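1. turn this into a structure:
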Amino acid sequence: MAARQSGLDSFSLFSSSGDKIPLGFGFLDPSEKPLLLPLPACVEVLPSEVSSSVKYAVEPVDLSGLTLLKGRVSTQEVFQLSNSDLVPGKYEGGLKLWEGSLDLVKSLKSELQDERLSLNGKRVLELGCGHGLPGIWMGLEGAAVVHFQDFNAEVLRCLTIPNVNANCLKKSPSFTTDVREWNTDAEFRFFAGDWSEVHQILPHTWTNEKEQNCCPSLDQPVGYDIILMAETVYSVSALPHLYELIKKCLNRPDGVVYMAAKKHYFGVGGGSRRFLSLVEKDAIMEACLIAEVADGSSNVREVWKLHFK
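-> Predicted structure coming up:
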């Protein structure tokens, strides 16, 4: 059963009725076979495609003195699902606000204040964005490009784009209506698709393995300078695809990844340490722990920073 802590949602394998969600990874019953479903098409979702048919309620989120706005929409209304955190191949939890997303914003804020992070002119990609609060914050703080990716196009239309609008739309002089322009110069774009395929439509990626093994020229940088991801490493079967996508998208040699995740996702086998073991085995990137959260609301959460050796 999913537990709620201060409006946030903890990872759960079960619906409120106690029935096990048909997960395609890390099974509790080893005799079960993975659920194989066709992948959704990889598409760019335009800001003009924001949903007008789904009820969107906005509320503030206080992040240690920083306030961002987040939406709340119904999983039942968007996906015809009730009381499910995720159903692999159909819905990957993007409508919930997970603790790691807020941990990530707080850590990024500290990195910027301590001058360990620069955003001016940087290209940012948020993977598995859901609400998109880390990417939104970076756009407001001076990033030049912020691209959002989620498995579900519906999440982008019904939640991510409305959240960007809620935080970034200019106000009219009367402050009663929104002007259809963002109050930041950041380029916001939105992409839906599975991690195994979405690199095909992302604008800033390495086109082949040979390119990945050499440095770009200074006048033609390739890849994203910063990749963000929160609560993306729960699925053991998806970790290789996620890691390969990072290598295809991250600028070399100076790109950096910020990852917020639970240390372990009990019952499904994933977690930050499982992902980092994959990174360590590949031996081309290294990681350092920049924050640990053990507040009793869930199992231990961490924020890691990764970069090329």
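
2. what sits against Arg157?
-> Val45, Glu49, Val50, Ser51 (Cβ atoms under 8 Å, 6 or more residues apart in numbering). C-betas here are computed from N, CA, C, even on glycine.

3. skipping adjacent residues, who's closest to it in space?
-> Distances taken as Cβ to Cβ, 6 or more residues apart in numbering put Ser51 closest to Arg157, at 4.4 Å, once the chain neighbours are dropped.

4. touching, the one you found and Thr160? I think so.
-> No. Using Cβ atoms under 8 Å, Ser51 makes no contact with Thr160, being 10.6 Å away.

5. what about these two, which has more around it?
-> Between Ser51 and Thr160, counted using other Cβ atoms under 10 Å, Thr160 has the larger neighbour count: 31 against 17.

6. what's the pLDDT at the more buried one?
-> Thr160 is assigned 98 on the pLDDT scale.

7. ok, the closest residue to Glu292 other than its chain neighbours - contacts?
-> Nearest in space to Glu292, with sequence neighbours left out and distances taken as Cβ to Cβ, 6+ apart, is Glu302 at 5.4 Å. With contact set as Cβ under 8 Å, 6+ apart, Glu302 has these partners: Ala260, Ala261, Lys262, Lys263, Ser272, Leu289, Ala291, Glu292, Val293.

8. only the buried residues of the helix or strand that contains Lys248, if you could.
-> Using DSSP states H and E, Lys248 falls within helix 239-249. Under the neighbour-count criterion of 16 or more other Cβ atoms under 10 Å, helix 239-249 has Leu239, His241, Leu242, Tyr243, Leu245, Ile246, Lys247, Lys248, Cys249 buried.

9. tell me which helix or strand comes right after it.
-> Following helix 239-249 in sequence order, the next helix or strand is strand 256-262 (DSSP H and E).

10. need the contact partners of the next helix or strand after that following strand.
-> Toward the C-terminus, strand 256-262 is succeeded by helix 272-282 as the next helix or strand (DSSP H and E). By Cβ under 8 Å, 6+ apart, the surrounding residues in contact with helix 272-282 are 233, 236, 239-240, 242-243, 259, 261-264, 285-287, 302, 304, 306.

11. please indicate which of these are buried?
-> Buried among these (16+ other Cβ under 10 Å): 233, 236, 239, 242-243, 259, 261-264, 285, 287, 302, 304, 306.

12. what is the neighbour count of Leu169?
-> Residue neighbour count, defined by other Cβ under 10 Å, stands at 16 for Leu169.

13. please report phi then psi for it.
-> phi -70, psi 140 (degrees, to the nearest 10).

14. now Arg157
-> Dihedral pair for Arg157: phi -70, psi -40, per degrees, to the nearest 10.

15. thought Leu39 was touching Ala192?
-> No. The criterion here is Cβ under 8 Å, and Leu39 misses it with Ala192 at 10.8 Å.

16. buried stuff in the longest helix along the chain?
-> Determined from DSSP state H, the single longest helix within the chain is helix 99-113. For helix 99-113, the neighbour count (16+ other Cβ under 10 Å) marks 99-109, 111-112 as buried.
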